[in-house]
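Undergrad: With the sequence up front, the predicted model follows.
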Amino acid sequence: MKTGLIITTINKLNKNLKNIDLQTNLNDWDFCIIGDKKTPKEFKLRYGKYLNINSQKKLKFKFSSICPLNSYARKNIGYLILAQNNNHFIVETDDDNYPKKNFFKKRILTHNVKKILNKSWVNIYNFFLLKKNDFVWPRGLPLDEIDGDKIFLSKKKIKANFVLQQGVCDLNPDVDAIYRMYKKKINVKFKNIEINIGKSLTPFNSQNTTWHISILPLMYLPVTCSMRATDIWRSFIAIRILKLNSINILFNGPSVFQKRNHHNLILDFKDETSMYINNKKIMEILNKTKLKKGISNLSTNLVLCYKALIKNGFFEKKEFMYLKAWVKDCENIKLI
């Protein structure tokens, strides 16, 4: 199955991006980098496709014509490009994530894994930790859930298809600003295992994520919230819609490690405040929102979820304009 990789960056072309460019070519992957206003003008890939702002404006997507500058949501444009190029799997990561050898392994839908039996919030990192005495939680997990209930697993492995697969990240994983200020030196290692999250609740991010083209609409990154919340709130919406249709989500072991770009942790904390306060409330609203069963209703349900969250003030009213453009673009792409 054809696979494509998407990254967005505002940084110069470094050794990591050059290596990713080479490895995607060697593994016959489609590779696309979406630039933004701050991306250096001289940025250029040898094998993959780089699109600066001007190139993005020339695309026929409605979303690319209205997406604001200086926005992580410009990554949506890359999803559309890879979908239009007939990729079965769309993989996303960030420019400070360094691929391990297993990152470029062939993506498959079917996995034979154990299933989490919990039906509430879980600290998924607890399941993957190599050292039992380590204490870490994923960005987006409600702070009153970081201790987490004990994770209960099915006795036997269950074979299932997974249209959404989230990999964890070694060394400097995706954690919130509170954790980073609490623990200055972070060096976390995870087990190379995989698990079906079942009916449990856990956020997933955009750091090491594989999507099947069949759920393209759910990849939408919202525009009118902070960059620190956009992929997390996307994950809550995707989880709500996928669970309605009994569609499985896989978490698997580390295939990247992160050497984190410089961040101002106080600014990160400020941008994450809305998550600390509202994540549980958002999930409650989504669970109360009436949706329509069926994989053919992904876009309809996506709109219903955003209407509910806009009504409750979590996104600006103009979010609906961006969403409508995205949905229209998805509809215009002939899925494989």
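TA: Here it is on my side, so go on. Residues are numbered from 1 along each chain as shown.
Undergrad: Which residue ranges of this structure form strands?
TA: Assigned by DSSP state E, the strands in the chain fall at 3-8, 30-34, 49-51, 89-93, 97-99, 110-113, 158-170, 194-196, 208-212, 248-258.
Undergrad: out of these, which comes closest to Leu82?
TA: strand 3-8 (3.6 Å; C-beta to C-beta). The way it works is simple: take the backbone N, C-alpha and C, and place the C-beta from them, glycine included.
Undergrad: list the helices and strands the longest helix seen in the chain packs on?
TA: For the chain, the helix with the greatest residue count under DSSP state H is helix 265-288. Here helix 265-288 touches helix 177-182, helix 227-244, helix 298-311, going by 3 or more C-beta pairs under 8 Å, 6 or more residues apart in numbering; DSSP states H and E.
Undergrad: on that earlier part again, could you take the strands of the chain and lay them out as CSV, with extra columns for mean pLDDT?
TA: Shown next, in CSV, are these (pLDDT from 0 to 100):
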stretch, mean pLDDT
strand 3-8, 98
strand 30-34, 98
strand 49-51, 98
strand 89-93, 98
strand 97-99, 96
strand 110-113, 98
strand 158-170, 97
strand 194-196, 98
strand 208-212, 98
strand 248-258, 96
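Undergrad: would you turn those strands into JSON lines with distance to Leu302 and mean neighbour count?
TA: Formatted as JSON lines, those follow (distance: least, C-beta to C-beta, whole Å; neighbours: other C-beta atoms under 10 Å):
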{"stretch": "strand 3-8", "distance to Leu302": "19", "mean neighbour count": "24"}
{"stretch": "strand 30-34", "distance to Leu302": "21", "mean neighbour count": "24"}
{"stretch": "strand 49-51", "distance to Leu302": "25", "mean neighbour count": "19"}
{"stretch": "strand 89-93", "distance to Leu302": "16", "mean neighbour count": "24"}
{"stretch": "strand 97-99", "distance to Leu302": "27", "mean neighbour count": "20"}
{"stretch": "strand 110-113", "distance to Leu302": "25", "mean neighbour count": "14"}
{"stretch": "strand 158-170", "distance to Leu302": "14", "mean neighbour count": "20"}
{"stretch": "strand 194-196", "distance to Leu302": "23", "mean neighbour count": "21"}
{"stretch": "strand 208-212", "distance to Leu302": "14", "mean neighbour count": "22"}
{"stretch": "strand 248-258", "distance to Leu302": "16", "mean neighbour count": "21"}
